[in-house]
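Peer 1: Following is a predicted model, sequence given first.
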Amino acid sequence: MKKKKTKITPLDLIVSALILAAAVYLGYRIKVGLHYKWNWQAIPQYLYRYDQESGKWVANLIMQGLFTTLRLSIWGTVLATILGTIMGLCRISQSLFYRLLGRSYVELIRNMPPLVLIFIFYYFVSGQIMPVLGLNEFILAQSETTQRLCELLFAPPSFLSAFFSALVTLAIFEGAYIAEIVRAGIQSIDKGQWEAAHALGLSKWQQMRYIILPQAVQRILPPLAGQFISLIKDSSIVSVISIQELTFQGMELMATTYLTFEIWITITLLYLVMTFTCSLAVQRLEVRMARGRA
C-alpha cells in the first residue's frame, strides 16, 4: 500500500495566513485594548524548578498538573474501555436481563450531567467507601518506596480518596459512550459473517473472538479514539473537587500571579499536545491494521 503524499494547496496557505493574522490581531487587541502586559518570561518557572536539596530540576505546578491529568486519562481510559466493552456486549446479548442491564446503564449515565456524577461519587466514594476500606491508612503504613510508587502511579496518599472518586466518575461516564461504540461496531458486521462462523461449528465466544471482533475493531477504533480524546478534555471537570490536575493548577496560578492569558494559553497548548499525540497514535495504528489486513 503506497503512502499518500500530503500536498499543501493554496487554500491551506490562505487559511493558515488568516489564522495567524487573527492570532496577531487578538494579541494586539489584548495588549492595546486591555492594556495587558505580557510576561512570558515567568511561565518556565512554573513548568520546572531547580531543587536546591536534590540538585535536580523537578516538575513545578503546571507539569505536576499535567502528570495528574495523564494519570487520570490513562487509568480512566483503561477502566472505561473495560466497562464499556462489557456493557456493549450486554447490549447485544441474547439474554433479556443483560440487555436491560446494558441499556439501563447507558441511558442513565448518558442523560446525567458529569458534574452531578462527580459530586455523587466524591461524597459517596470518598465519604463512605474509602474510610471502610481503609486504603489511605494502609498506604501510609507502608514503606516510603511503596508510597512513592503509589504517588507515581496514582496520587499522593492524602489525595487518594479524591483521586479514585474522580477516576471512577470518568470511567463510568465515558464507559457509557464506549458501550454504544462497541455495540454499533459489532452490529455493523454483516450477518453472513455470523452465519459462516456458526457453520464452522464455532461457539458464540469463538465467533466473537476470532471472526467478529477483529473486523469490528477496524470500525470501532476511529470513534473510540475520539472518545479517548474526549476523556482527556473531560478530566478537567474534576478540578471542582480539588483534584490537582492541569486545569486546577491553572486556576490556582492565575489567582496568585494574575498571568491570565499566559497561563491559559500554556495550558491550552498542553491539552492540544496530549490530544494531538493521541490522534496521531491512533492514526498510525489504523494504518498498521490496514496493512495487516491487506
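Peer 2: Sure, I can see it. Numbering: from 1, shown residues only.
Peer 1: okay, CA-based contacts and neighbour counts for the rest of this
Peer 2: Fine.
Peer 1: So which residues of the protein form helices?
Peer 2: Using DSSP state H, the helices found in the chain span residues 10-33, 44-47, 61-91, 96-110, 114-121, 130-133, 135-140, 144-153, 160-187, 191-199, 204-206, 213-234, 246-257, 260-293.
Peer 1: ok, residue 197 - contacts?
Peer 2: 207, 211 (Cα atoms under 8 Å, 6 or more residues apart in numbering).
Peer 1: Flag the shaky bits of the protein, pLDDT-wise.
Peer 2: 1-6, 292-294 (pLDDT under 70).
Peer 1: Give the residue farthest from the middle of it.
Peer 2: residue 199 (40.8 Å; Cα atoms, centre = their mean).
Peer 1: What separation is there between that residue and residue 187?
Peer 2: Separation of residue 199 from residue 187 (Cα to Cα, to the nearest Å): 19 Å.
Peer 1: Could you do residue 170 as well?
Peer 2: 26 Å.
Peer 1: Which of those two has more residues huddled nearby?
Peer 2: residue 170 (27 against 13; other Cα atoms under 10 Å).
Peer 1: What's the separation between residue 158 and residue 46?
Peer 2: 23 Å.
Peer 1: which of these two has more neighbours?
Peer 2: When neighbours are counted by other Cα under 10 Å, residue 158 and residue 46 differ, and residue 46 comes out ahead with 16 against 13.
Peer 1: Can you verify my assumption that residue 239 contacts residue 250?
Peer 2: No. Look at residue 239 against residue 250 with Cα atoms under 8 Å: they stay out of range, at 10.0 Å.
Peer 1: Neighbour count: the two, which is higher?
Peer 2: Using other Cα under 10 Å, the more surrounded residue of residue 239 and residue 250 is residue 250, with 20 against 17.
Peer 1: number of nearby residues for the nearest residue to that one once chain neighbours are set aside?
Peer 2: Distances taken as Cα to Cα, 6 or more residues apart in numbering put residue 263 closest to residue 250, at 6.3 Å, once the chain neighbours are dropped. By other Cα under 10 Å, the residues close to residue 263 number 22.
Peer 1: And residue 52, by the same measure?
Peer 2: By other Cα under 10 Å, 8 other residues sit near residue 52.
Peer 1: and if you look at the one 4 residues further on?
Peer 2: Around residue 56 there are 11 other residues, counting by other Cα under 10 Å.
Peer 1: swap in residue 12?
Peer 2: By the measure other Cα under 10 Å, the count of residues near residue 12 is 11.
Peer 1: likewise the one 5 residues further on?
Peer 2: Taking other Cα under 10 Å as the neighbour definition, residue 17 ends up with a count of 12.
Peer 1: gap between it and residue 11?
Peer 2: Distance of residue 17 to residue 11, given as Cα to Cα: 10 Å.
Peer 1: go on, residue 132?
Peer 2: 61 Å.
Peer 1: now swap in residue 106 and tell me
Peer 2: Counting by Cα to Cα, the gap from residue 106 to residue 11 is 42 Å.
Peer 1: Would you mind telling me which of these two has the busier surroundings?
Peer 2: The neighbour comparison of residue 106 against residue 11 (other Cα under 10 Å) goes to residue 106, with 24 against 9.
Peer 1: what's the nearest residue to the more buried one if we skip its chain neighbours?
Peer 2: In space, and not counting its chain neighbours, residue 106 is closest to residue 176: 4.8 Å by Cα to Cα, 6+ apart.
Peer 1: So that neighbour sits against residue 84, correct?
Peer 2: Yes. Shown here, residue 176 and residue 84 form a contact pair, counting by Cα under 8 Å, at 6.0 Å.
Peer 1: More neighbours: which of those two?
Peer 2: Using other Cα under 10 Å as the criterion, residue 176 and residue 84 rank with residue 84 on top: 28 against 25.
Peer 1: what about that one, distance to residue 213?
Peer 2: 14 Å.
Peer 1: ok, now residue 21?
Peer 2: Going from residue 21 to residue 213 by Cα to Cα gives 47 Å.
Peer 1: if you count what's nearby, which of these two comes out ahead?
Peer 2: Per other Cα under 10 Å, whichever of residue 21 and residue 213 has more neighbours is residue 213, with 18 against 12.
Peer 1: now residue 168: how far from residue 8?
Peer 2: According to Cα to Cα, residue 168 stands 44 Å off from residue 8.
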